[in-house]
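Engineer: everything below, folded, please.
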Amino acid sequence: GIDLKPLLMDTKFASIAGMCHDDIASQLKSFIAIDIGNGHTTAASIEEGKIQGIFEHHTSSLTPESLENYLKRLADGTITNEEVYNDHGHGAHVIKPISKIEKVIVSGPKRELIEKTNLEWHHACPGGDVMMTGTVGLIKTLEAYDV
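Structural biologist: Model prediction:
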């Protein structure tokens, strides 16, 4: 008797969507949104509100140096699915490069890994709290698609 359309969304993509609504991220044209989780790290290169590339890897396999390298190559479009997969990650796909990394917007329980890179970063806190990133992402996605 419930007449609703369900929305199913991967937690990493909910987090990425939420990061786009962070106060700092919403002022940027070109950035990386990354969720550094206990098991997996997922990053998206974003330009003018659209995902242009993505990669996913195992967090425990990443060092600050390898993470920085992957993020730079995600942004410039040179990262490949094969290299990430051959490094025991899940893979990568790039539609097109972004103009530059204005900032890395970061979330997730292992987000402190980004602090050991040379990249400019910001801890996402849409809705005023880092724990709201995925929730805000879900709600904003529902609004965008009028589900």
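Engineer: ok, now which ones touch residue 142?
Structural biologist: Contacts for residue 142 (CB atoms under 8 Å, 6 or more residues apart in numbering) come out as residue 7. C-betas here are computed from N, CA, C, even on glycine.
Engineer: what helix or strand is it located in?
Structural biologist: In the assignment (DSSP states H and E), residue 142 maps to helix 133-145.
Engineer: how far away is residue 104 from residue 128?
Structural biologist: Residue 104 sits 20 Å away from residue 128, going by CB to CB, to the nearest Å.
Engineer: these two: which is more packed in?
Structural biologist: residue 104 (23 against 8; other CB atoms under 10 Å).
Engineer: tell me what that one is bridged to.
Structural biologist: When bridges are called by DSSP bridges, residue 104 pairs up with residue 32, residue 121.
Engineer: model confidence for it, exactly?
Structural biologist: Residue 104 is assigned 98 on the pLDDT scale.
Engineer: could I get the buried residue list for the lowest-mean-pLDDT helix or strand in the chain?
Structural biologist: Least confident helix or strand, the chain: helix 133-145 with a mean of 89, by mean pLDDT, DSSP states H and E. Residues of helix 133-145 classed as buried: 133-134, 136-141 (neighbour count, 16 or more other CB atoms under 10 Å).
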